[in-house]
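Undergrad: No letters, just coordinates:
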């Protein structure tokens, strides 16, 4: 086995999920993630934790969903009990076809999602981590050769996370102390209230309330939004291409939306429930190890010199004690490039201009 | 997809497991069983049942077990809760390498088994069914080409189960009314008490207390055993070849054992716990659709003109109400050929001679 697979497993188990003896671990394995699953199983065994592996095949999900009439039982007891009794939930992505579920009707998809709110909440109460094993399908999605894609993935994952966490702490401080974020660029003039919200220094470890490997972003949960934002980085959502999305917010809610491509899927997402029209996340990508778009949200949203916003569910870690934040069955990220003719300001002060933060050399300053 | 895969899935879901709307189904998927899992998922969705798929990869199990120090937590809560809340447990065998776990130390294997008694019991309280998807690895184990092996498997599975159930009912009646079974053949002279035990007409459906697909055997749980039995049909247990096993019983317990090949594994099985030295099952193969040994217990033990005995756990269905029968963490079947110079008698009357039952044409009779 490629030694990088074992290194990946070690970082996942030790740095990210902090697995210890006696932990009840659920390992969710995508169709193409077998090799990583084997390496993770070995590491989980070495730590003395307990393992259940689930098979999260998209072809299986497609067949089940297409067979079903769409009236789903809510939160089936066996699956809920599995997750409620888990300490750690590791999701190993890496399918064999990124469009495997393209012919599942969206209403079915949404009904299934809505029926599983408690299961999702229970999963988020665990020390969960999502990562991805490089597959040919993901390489194809990225427009890359398999070998080059493997290099890309391991460059993003096998790094010095402690050192990146220190860099990101500076932005967290700015956001924690700030009240209002202003994003300006072409076709974008957006104001976000972040008062009393706590930013997460997402350093790919549950001890940082960070649940993605790789990570490398600082994110918070906006309380309010006003204005318009244009997302120029394309992506694939629910097996459908989304390109050049524009959202307009009034009092925190999407009141107008367009997409050059994929508008129907965008509409379905926004109509899932009431919370799907409000923001759950403002994220600022700071992982310059991720140097290209690969059409995979796990990587794209962490890319340096980008900002992303998610409609839907907010993460509890960003909210004041006792406040529930935005609730939704969805959490869909959309990304905008900040590398040129853009500013990100907090309380009237420019924090990032044309991709460069104020603590970096070459920062042009200004207000 | 091969239409036989869909037929297999339909028989599994409808005839065998009797899945209905609202049932909580666990689908255990071996590494090579993906196609069958997809077809079963579709059928489970069509019935309106709820699905969790587990990934039962032997390579993953090997890595976990070899990584672990061998002191396993007993019955981890997440896995136990999953199974306790399941109505149906479908096990889809079909690996990619029948010797995938050959280098897991036996003490580790046994310790893992012992630590999971409650999980195993909970699984057996569900409407569980074990079946197998034909793989190249299983074809190789059988010494067959892949295409011929597929034919073999589907010939055994895609059949008229109702009609076979009627044939088998005759033997069930004999065993239910009988007290003592006597098996005589070369190197074999074994007496089994079956008084007050109930035989199972194993017609591949949970409504018959039959949990294998294919099935086609009548089995019961001996209360006592005396004498010697020779198993001339070779098999592979725990990735090790077992050949020409001879067991000698006194007062129901194995007091002497030999094996031409695999004696170490036989010893480990018999030493797992106290119940591993006593019989849990007497089974009589009646599926003449299975016409050759393929070194896979699911098929071999159902073969017409054979008898098998299992050391270890007895099935509750065979026991009088309130009686617990033989308890053990193991259940290992061993098979003997009854087609030549053999008799199976019940209460002094020959029921089968040289493979032919007394209700079949060509039966030679006698006592």
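TA: That came in fine, so what should we check first? This structure is a prediction, so every number in the text was calculated from the model and none was measured.
Undergrad: Give me the distance between the residue most central in space within chain A and residue A:224.
TA: For chain A, the residue sitting closest to the mean C-alpha position, by C-alpha atoms, centre = their mean, is residue A:298 at 5.4 Å. Computed as C-beta to C-beta, to the nearest Å, the residue A:298 to residue A:224 distance reads 28 Å. (C-beta placed from N, C-alpha, C; glycine too.)
Undergrad: What strands flank the strand ranked longest in chain A, and is each parallel or antiparallel?
TA: What stands out as the longest strand in chain A, according to DSSP state E, is strand A:240-250. Using DSSP bridges, strand A:240-250 pairs in its sheet with strand A:224-231 (antiparallel), strand A:235-237 (antiparallel), strand A:253-261 (antiparallel).
Undergrad: how about the strands of the stretch 151-300 of chain A, start to end?
TA: For the stretch 151-300 of chain A, the strands defined by DSSP state E, counting those that start in this stretch occupy A:180-185, A:188-193, A:200-202, A:217-220, A:224-231, A:235-237, A:240-250, A:253-261, A:279-285.
Undergrad: Averaged pLDDT, the last one. What do you get?
TA: It stands for strand A:279-285. Per-residue pLDDT over strand A:279-285 has a mean of 97.
Undergrad: Please list the outside residues in contact with that strand.
TA: With contact meaning C-beta atoms under 8 Å, 6 or more residues apart in numbering or on different chains, strand A:279-285 is reached by A:171, A:181, A:192, A:194, A:202, A:216-222, A:225, A:249, A:252, A:301-315, A:318, A:325-326, A:328, A:331, A:333, A:335, A:344, A:352.
Undergrad: Between strand A:253-261 and that strand, find me the angle.
TA: 60 degrees (axes from the mean of the first three to the mean of the last three C-alpha atoms, to 10 degrees).
Undergrad: repeat for the longest one
TA: Strand A:240-250 runs at 150 degrees relative to strand A:253-261, counting by the same axes, to 10 degrees.
Undergrad: Can you name the residue of the stretch 51-200 of chain A nearest to chain B?
TA: Going by C-beta to the nearest C-beta, chain B is nearest to residue A:67 of the stretch 51-200 of chain A, at 2.9 Å.
Undergrad: By mean pLDDT, which helix or strand of chain A comes out lowest?
TA: The weakest-scoring helix or strand in chain A, judged by mean pLDDT, DSSP states H and E, is strand A:235-237 (a mean of 87).
Undergrad: So for residue B:137, which of the strands paired with strand A:240-250 sits nearest?
TA: For the strands paired with strand A:240-250, proximity to residue B:137 was assessed by C-beta to C-beta; strand A:235-237 is nearest, at 35.1 Å.
Undergrad: What lies in contact with the closest one?
TA: A:98, A:141, A:241-242, A:262, A:265-266, A:269, A:295, A:297, A:300, A:332-335.
Undergrad: Which of the residues you listed fall within helices?
TA: Among the contacts of strand A:235-237, the residues falling in helices (DSSP state H) are A:141, A:265-266, A:269, A:297, A:300.
Undergrad: okay, the residues you listed in a markdown table with pLDDT and neighbour count next?
TA: Shown next, in a markdown table, are the ones in helices among the contacts of strand A:235-237 (pLDDT from 0 to 100; neighbours: other C-beta atoms under 10 Å in any protein chain shown):
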| residue | pLDDT | neighbour count |
| --- | --- | --- |
| A:141 | 93 | 18 |
| A:265 | 93 | 19 |
| A:266 | 96 | 22 |
| A:269 | 94 | 25 |
| A:297 | 88 | 19 |
| A:300 | 95 | 21 |
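Undergrad: List just the nearest of these to residue B:146.
TA: Residue B:146 has its nearest neighbour among the ones in helices among the contacts of strand A:235-237 in residue A:141, at 32.0 Å by C-beta to C-beta.
Undergrad: In contact with that closest one, which residues?
TA: Neighbours of residue A:141 in contact, by C-beta under 8 Å, 6+ apart: A:98, A:236, A:294-296.
Undergrad: Most neighbours among those residues, which one is it?
TA: Counting neighbours by other C-beta atoms under 10 Å in any protein chain shown, residue A:294 leads the contacts of residue A:141 with 20 neighbours.
Undergrad: What's the separation between that one and residue A:350?
TA: Relative to residue A:350, and taking C-beta to C-beta, residue A:294 is found at 29 Å.
Undergrad: how many neighbours does the closest residue to residue A:93 other than its chain neighbours have?
TA: The shortest distance from residue A:93 to any residue other than its chain neighbours is 4.0 Å, reached at residue A:132 (C-beta to C-beta, 6 or more residues apart in numbering or on different chains). Neighbour count for residue A:132, taken as other C-beta under 10 Å: 25.
Undergrad: cool, and residue A:148?
TA: Counted with other C-beta under 10 Å, residue A:148 comes out at 12.
Undergrad: and it, what element?
TA: Residue A:148 is part of helix A:146-157 when elements are defined by DSSP states H and E.
Undergrad: If you count contacts, what does that helix end up packed against?
TA: For helix A:146-157, the contact count by 3 or more C-beta pairs under 8 Å, 6 or more residues apart in numbering or on different chains; DSSP states H and E identifies helix A:3-10, helix A:136-142, helix A:297-300 as packing neighbours.
Undergrad: List the buried residues of that helix.
TA: Across helix A:146-157, burial judged by 16 or more other C-beta atoms under 10 Å in any protein chain shown covers A:149-150, A:152-154, A:156-157.
Undergrad: now do stretch A:10-24
TA: For stretch A:10-24, burial by neighbour count (16+ other C-beta under 10 Å) applies to A:10-13, A:15-19, A:23-24.
Undergrad: Can you confirm whether it lies near chain B?
TA: Yes: under the criterion of C-beta under 8 Å from any C-beta of the partner chain, stretch A:10-24 makes contact with chain B via A:22, A:24.
Undergrad: which stretch in the strands of the stretch 151-300 of chain A has the least confidence?
TA: Sorting these by mean pLDDT places strand A:235-237 lowest, at a mean of 87.
Undergrad: how does chain A divide into domains?
TA: A:3-157, A:161-357 (automatic domain parsing).
Undergrad: possible to save these as a markdown table with distance to residue B:82?
TA: Formatted as a markdown table, those follow (distance: least, C-beta to C-beta, whole Å):
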| stretch | distance to residue B:82 |
| --- | --- |
| domain A:3-157 | 4 |
| domain A:161-357 | 22 |
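Undergrad: Of those domains, which is nearest residue B:127?
TA: Closest among those, once you apply C-beta to C-beta, is domain A:3-157, at 13.0 Å.
Undergrad: Would you work out how far apart the start and end of the closest one are?
TA: Terminal residues of domain A:3-157 lie 13 Å apart, using C-alpha to C-alpha, to the nearest Å.
Undergrad: Any idea how many residues pack against residue A:256?
TA: For residue A:256, the count of nearby residues is 10 (other C-beta under 10 Å).
Undergrad: next one: the one 3 residues further on
TA: Close neighbours of residue A:259, defined as other C-beta under 10 Å, add up to 19.
Undergrad: Go ahead and confirm it touches residue A:243.
TA: Yes: using C-beta atoms under 8 Å, residue A:259 is in contact with residue A:243, at 6.7 Å.
Undergrad: OK, contacts around residue A:325?
TA: Residues in contact with residue A:325, defined by C-beta under 8 Å, 6+ apart, are A:221, A:280, A:314-316, A:318-319.
Undergrad: try 6 Å this time
TA: By C-beta atoms under 6 Å, 6 or more residues apart in numbering or on different chains, the contact list for residue A:325 reads A:221, A:314, A:319.
Undergrad: Excluding chain neighbours, what is closest to it?
TA: Nearest residue to residue A:325, sequence neighbours excluded (C-beta to C-beta, 6+ apart): residue A:314, at 3.6 Å.
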